[in-house]
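Asker: Build me a model:
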Amino acid sequence: MAARVEHLVTSGTFSLDGGTWEVENNVWIVGDGAEAVVIDAAHDPDAILAALDGRTLRAVVCTHAHDDHIGAAPALAAATGARILLHPDDLPLWKLTHPDHHPDGELADGQTLTIAGTDLTVLHTPGHAPGAVSLHAPDLGTVFTGDTLFAGGPGATGRSFSHFPTIIDSIRDRLLTLPPETVVRTGHGESTTIGAEAPHLEEWIRRGH
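Answerer: This next block holds a predicted model:
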């Protein structure tokens, strides 16, 4: 059976720099009827476990280490035996949420994760966070961008560990070079396509200055 993409929305809070906000997060499950990976274990490990429905969880892949994207990762890993994978540049952020639990493995630019016969290529796309990554699955015609690229523009860069020129570079050089029909599955909100977002790059740059 070919890999498929499943979508779960979980709710909770995001806290950084002394503020806390209510948020809804997209959790993405990629796999088949036997095995899967979870992209961003947000808020609710029980809901994610229920969605897995007994399948073997191979990895919990973190697009970045803001607390709303990794809050459920240790509990989900403990329940399933899956490894938590994070880009090492986001370890300082990770430790703000889980100081006593280290990720099990590192993500690196160009690395390939294979699940249910489908390759996910890691693209290092910093800016929203230093170790932010996107995951490109060409066979599925999709890219999982975390909080780097949304429907309507780049992720936020107004808080600690973020940098606007860097996120623009990441989007221009790593994401907008993908085929225009590629579906962009985001960390929050609605999906979009590369083709829908690409014409707005210059407008985002003007807005950001």
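Asker: Packing partners of the lowest-mean-pLDDT helix or strand in the chain?
Answerer: Scoring the helices and strands of the chain by mean pLDDT, DSSP states H and E places helix 201-208 at the bottom, with a mean of 90. Secondary structure elements in contact with helix 201-208, counted by 3 or more CB pairs under 8 Å, 6 or more residues apart in numbering; DSSP states H and E, are strand 153-154, helix 164-170. The way it works is simple: take the backbone N, C-alpha and C, and place the C-beta from them, glycine included.
Asker: Contacts for it, please.
Answerer: G153, P154, T157, F164, I168, I171, R172, L176 (CB atoms under 8 Å, 6 or more residues apart in numbering).
Asker: three-state assignment of the residue lying closest to G81 once chain neighbours are set aside?
Answerer: Leaving aside its chain neighbours, G81 sits nearest to L57 (7.6 Å; criterion: CB to CB, 6 or more residues apart in numbering). Recorded secondary structure, L57: strand (DSSP: H, G, I helix; E, B strand; the rest coil).
Asker: quick revisit: so which of the contacts of helix 201-208 would you say is closest to G71?
Answerer: Closest approach between these and G71, by CB to CB: T157, at 21.6 Å.
Asker: Excluding covalently adjacent residues, which one is nearest to that closest one?
Answerer: Here the residue nearest T157, using CB to CB, 6+ apart, is F164, at 4.2 Å.
Asker: what about T166, how many neighbours?
Answerer: 17 (other CB atoms under 10 Å).
Asker: ditto for D44
Answerer: 21.
Asker: Work out for me the element the nearest residue to it once chain neighbours are set aside sits within.
Answerer: Nearest residue to D44, sequence neighbours excluded (CB to CB, 6+ apart): T10, at 4.4 Å. Under the criterion of DSSP states H and E, T10 resides in strand 4-16.
Asker: what pairs with that strand, and is each one parallel or antiparallel?
Answerer: Next to strand 4-16 in the sheet, as set by DSSP bridges, lie strand 19-31 (antiparallel).
Asker: Send over the partner strand as CSV, restricted to the C-alpha atoms.
Answerer: Taking C-alpha atoms only, strand 19-31 is exported to CSV below (Å, rounded to 0.1, in the frame of the first residue of the first chain):
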residue,chain,number,x,y,z
GLY,A,19,4.0,35.4,26.6
THR,A,20,1.5,32.6,26.1
TRP,A,21,-1.0,32.3,23.3
GLU,A,22,-3.8,29.8,22.5
VAL,A,23,-3.0,28.0,19.2
GLU,A,24,-4.3,25.2,17.0
ASN,A,25,-1.6,23.0,15.4
ASN,A,26,-1.5,20.7,12.4
VAL,A,27,-0.1,17.3,13.1
TRP,A,28,0.8,15.4,9.9
ILE,A,29,1.0,11.5,9.7
VAL,A,30,2.7,10.0,6.7
GLY,A,31,2.6,6.3,6.2
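Asker: I'm done for today, thanks for sticking with me.
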